[in-house]
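Engineer: how does the following fold in three dimensions:
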Amino acid sequence: MMLGKKVSVVTASVSATVLAICSAQALAAASGMMKAGVVSEGTVKLESIAIPEPAAGQVRIRVIAASVNPVDWKLAGRAAPGSKTIAGRDVAGLIDKVGEGVTKWKPGDAVVGLAPTGGYAEFAIASADAVAAKPTKMSFDEASGIPVVAETAYRALITVGDVQKGQRVLIHGAAGGVGSSAVQIAKAKGAYVIGTASARNHDFLKSLGADETIDYTTTRFEDKVKSVDLVLNTANAETNTRSVAVVKKGGKLVSVVGAPPADACAAAGITCGGIGSVNGQMLPAIVELANAGKFRVNIEQKLPLADAAKAWELNRTGHTRGKIVLEVAPEAT
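Structural biologist: Numbering: from 1, shown residues only. Here you go, the predicted structure:
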């Protein structure tokens, strides 16, 4: 009897949460307006704007959580004077409406996706091909931390790096969003993973599967690592130049912080480059890893949507362990 009561309580709680989301959605839809983190003059602030409509091939997502990436505030700094856009790209939530021709999704589906027109909002628009089913073992908060960083890491290691079982992989900035994603993806492929990070993050990296850790604040990685098959650099441009010497001939150096020095790469007999565009196409593969228990998202801090500017300041420090998440609506499970 007690078990039955507990199940009833949990079911009632979940139903109440979903009802709260639907009620809030209905109120917003009735007014035709929504709250969004709007970029203006290089900063972000909460404003009330019109709810967008999905075009053919698009879906509208009722956002429950959105995560913060460095590209969010970097793009804000390059925006034209007087322009206004919605910040962010990473979202997790419920499909609210589908555009013409969309058959793979329906209202109510729980998804994670890339919203190129802005994810810091109560409603976001995404291509139907740039979303994937939310991982069953993750909360919406956790799932929102997947898109940009995990796809960046996946493209770097799998699409470009073609990492293989038994290869030695060096990941710079391994505790950050892209880095921590890369550690897990490389381990899932059976690679031997070495990560650079400050000492406070070494236990965290080991928990993700890193085989070795290097404290970049006290040790030059060149003195500890030689002849790796693949380097992924998420740190800075200087690290690109220093990394050339530790890659074995025929190996690869992939950078997400600027192009590695072409002449030095050619002289060393290694392949160097970037990853191209992140468009959400790799999300199903990453969700598959998450559902298999081989990928997780560490949330450094959660903040309400209204505190997006504060989230940017925290992200700018460059010392985030995993992700900073903006909570947009009540969590549904």
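Engineer: now for the host helix or strand of residue 241, which elements pack on it?
Structural biologist: Per DSSP states H and E: residue 241 is located in helix 237-243. When contacts are defined as 3 or more Cβ pairs under 8 Å, 6 or more residues apart in numbering; DSSP states H and E, helix 237-243 packs onto strand 168-172, strand 228-233, strand 247-255. The C-beta positions use only the backbone N, C-alpha and C, and glycine is treated the same way.
Engineer: residues touching that helix, excluding its own?
Structural biologist: The list of residues contacting helix 237-243 from outside it, by Cβ atoms under 8 Å, 6 or more residues apart in numbering, reads 170, 172, 220-222, 231, 233, 253, 255, 257-261, 264, 272.
Engineer: if we use 7 Å, what do you get?
Structural biologist: Residues from elsewhere that reach helix 237-243 (Cβ atoms under 7 Å, 6 or more residues apart in numbering): 172, 222, 231, 233, 253, 255, 257, 258, 260, 261, 264.
Engineer: give me the secondary structure label for the last one.
Structural biologist: Residue 264 falls in the helix class when you classify it by DSSP: H, G, I helix; E, B strand; the rest coil.
Engineer: residues near residue 226, how many?
Structural biologist: 11 (other Cβ atoms under 10 Å).
Engineer: nearest to residue 276, of the contacts of helix 237-243?
Structural biologist: Here the nearest of those to residue 276, counting by Cβ to Cβ, is residue 255; it sits at 12.3 Å.
Engineer: would you mind measuring from that closest one to residue 136?
Structural biologist: Separation of residue 255 from residue 136 (Cβ to Cβ, to the nearest Å) stands at 34 Å.
Engineer: so for those two, which sits in the more crowded spot?
Structural biologist: Legend: neighbour count by other Cβ under 10 Å for residue 255 and residue 136, higher for residue 255 (23 against 9).
Engineer: if we ignore the residues flanking it in sequence, what's nearest the more buried one?
Structural biologist: residue 233 (4.4 Å; Cβ to Cβ, 6 or more residues apart in numbering).
Engineer: ok, now which ones touch residue 118?
Structural biologist: Residue 118 touches 36, 85, 86, 87, 88, 124, counting by Cβ under 7 Å, 6+ apart.
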